[in-house]
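Trainee: Sequence first, predicted model second:
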Amino acid sequence: MNDLTQFINCKILRNHKIITEDLWVRNGKIINPEKIFFDEKIHAARKIDCLGLTIAPGFIELQINGGFGHDFSFNIENLENGLNLVSKNLLAHGVTAYCPTLVTSPKEIYHKVVPKMKKRQGGAHGATILGIHTEGPFINVEKKGAHPPNCIKGFEKGLQSVEEMYGSLDNIKIITLAPELPNAEEVIRKLSERGIIVSVGHSMANLSQGEKAVNCGATLITHLFNAMLPFHHRDPGLVGLLTSNKIPNGRIFFGIIADGVHTHPAALRIAYRVHPEGLVLVTDAIAALGLAEGKYNLGQFEIEVRGGRAYIAKTETLCGSIASMIECVRSFLASTGCSVEYALEAASLHPAKALGIESVKGTLNFGADADFIMLDEGLELHSTWIAGEKVYAK
């Protein structure tokens, strides 16, 4: 059976450049047309006219607490429906794969939720689930942000503390922890050996502690500038990892929230200019994503959205964003003056690299999964595709 699809009249983002070229897809993968022309000598079974739109890799979201009324750490009795709701609605924002994120919670919550949030392939039903991001509870209470202090824990038993807290590590892809906690280095080393991405954040760590964490296997920083020591010229803290000469070159990636609220445009520009290869756009979106202002939940906290910002109820403490990934891409582009290609890759190729899956996700290279989006020149999303099939259209 000829399952060959040719996307014509399009521009594609490949290898950091937008070029005018057709895209060829077969069996859910992007393929090299030369083999078709010279070896198989067949034509495409279907041609899709893209009407001059740009095809870019689908967005990959590494930190999202919920959306569309559902919070992954709170609505645990309705977890399956909530997961389906978020997965489906993310397609309308260009997200083709993501890591549902659990904030600091009681042990019982993890034991109920973690086994049910399984990795799964995306499609018309929703975005691919790449694994859970557990943000806490192994963080520093002094940088708790919107995390309940009574649920914050340490590594008294090393890795056993982690296993007992979560119940199982099978569905977990990323763990955010504070690297200055006692026994953290041993935990980081063992988690990395299991293929779990260790991200440092919600932390009072100085630069030396951050460097030790990276040399033990940590490869990511959670929402740079937020919930960490501010940059200081004598000890730049975790922010200093971006220019450290005591960690392997290219080892560190960092999430950054470009929602126009969490990170000042000047701070976005600093991070972009200092370490562009490691910059990963994240939304840190909450249950209010896609909804009107009002009251919602984030884990154990009631939150309220007012004036386009999300706060812990009755406080001025920010707690996640209500921005979608496509909005963050546009905001980052406007704030930094970077190229369109870079802004799109910061939400696709870079997170794929941070997870070590850049051969199959976040790229339009031959052999990669055919997960992509179609955009116009104003970066308005027109459609989303997973495995070469349209899963959302404007």
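Mentor: Yep, that arrived.
Trainee: For burial, what's the neighbour tally of E34?
Mentor: A count of nearby residues for E34, using other CB atoms under 10 Å, gives 10. Quick note: C-beta positions are derived from backbone N, CA and C, even for glycine.
Trainee: just K153 next, same as before
Mentor: For K153, using other CB under 10 Å, the count is 17.
Trainee: residues in contact with it?
Mentor: Under the criterion of CB atoms under 8 Å, 6 or more residues apart in numbering, the contact list for K153 reads 137-138, 161, 165.
Trainee: Dump the helix or strand containing R189 to PDB, keeping only the CA atoms.
Mentor: Of the helices and strands defined by DSSP states H and E, R189 is found in helix 184-193. Below are the C-alpha coordinates for helix 184-193, written out as PDB (Å, rounded to 0.1, in the frame of the first residue of the first chain):
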ATOM      1  CA  ALA A 184      21.300  15.200  46.700                       C
ATOM      2  CA  GLU A 185      24.500  14.300  44.800                       C
ATOM      3  CA  GLU A 186      24.000  10.600  45.300                       C
ATOM      4  CA  VAL A 187      20.300  10.900  44.400                       C
ATOM      5  CA  ILE A 188      21.200  12.900  41.200                       C
ATOM      6  CA  ARG A 189      23.700  10.300  40.200                       C
ATOM      7  CA  LYS A 190      21.300   7.400  40.600                       C
ATOM      8  CA  LEU A 191      18.400   9.100  38.900                       C
ATOM      9  CA  SER A 192      20.600  10.000  35.900                       C
ATOM     10  CA  GLU A 193      21.800   6.400  35.600                       C
END
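Trainee: Buried ones in that helix, by neighbour count?
Mentor: Judged by neighbour count using 16 or more other CB atoms under 10 Å, the buried positions of helix 184-193 are 184-185, 187-191.
Trainee: Find the pair from the contacts of K153 with maximum spatial separation.
Mentor: By the measure CB to CB, P137 and S161 form the most distant pair in those, at 9.8 Å.
Trainee: Between those two, tell me which one has more neighbours.
Mentor: Taking other CB under 10 Å, P137 and S161 do not tie; P137 has more neighbours (29 against 18).
Trainee: Per-residue confidence, the residue lying closest to that one once chain neighbours are set aside, what does it come out as?
Mentor: Closest residue in space to P137, ignoring its immediate chain neighbours: T104 at 4.1 Å, by CB to CB, 6 or more residues apart in numbering. pLDDT recorded at T104 is 98.
Trainee: start the count at 12, not 1, going forward
Mentor: I'll keep to 12 as the first residue from here, and by that count the last item is T115.
Trainee: Pull the number of nearby residues for T115.
Mentor: 28.
Trainee: That one reaches G156, doesn't it?
Mentor: No. T115 is not in contact with G156 according to CB atoms under 8 Å; the separation is 9.3 Å.
Trainee: residue ranges for the strands of the stretch 212-361 of the chain, please.
Mentor: If DSSP state E, counting those that start in this stretch is used as the criterion, the strands of the stretch 212-361 of the chain fall at 231-232, 264-268, 290-293, 305-309, 312-317, 320-323.
Trainee: Tabulate those strands (a markdown table), appending mean pLDDT.
Mentor: Formatted as a markdown table, the strands of the stretch 212-361 of the chain follow (pLDDT from 0 to 100):
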| stretch | mean pLDDT |
| --- | --- |
| strand 231-232 | 98 |
| strand 264-268 | 98 |
| strand 290-293 | 98 |
| strand 305-309 | 92 |
| strand 312-317 | 92 |
| strand 320-323 | 92 |
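Trainee: From the contact counts, what lies against the helix or strand hosting I30?
Mentor: With elements taken from DSSP H and E, the one containing I30 is strand 28-31. Here strand 28-31 touches strand 22-25, helix 351-357, going by 3 or more CB pairs under 8 Å, 6 or more residues apart in numbering; DSSP states H and E.
Trainee: Who's the closest spatial neighbour of V225, skipping the chain neighbours?
Mentor: I258 (4.3 Å).
Trainee: Can you pull the phi/psi pair for L375?
Mentor: L375 has phi and psi values of phi -110, psi 20 when expressed as degrees, to the nearest 10.
Trainee: If the residue lying closest to it once chain neighbours are set aside is in a bridge, with which residues?
Mentor: Spatially, and ignoring its direct neighbours in sequence, L375 is nearest to R25 (4.8 Å; CB to CB, 6+ apart). Here R25 sits in beta bridges with K28, going by DSSP bridges.
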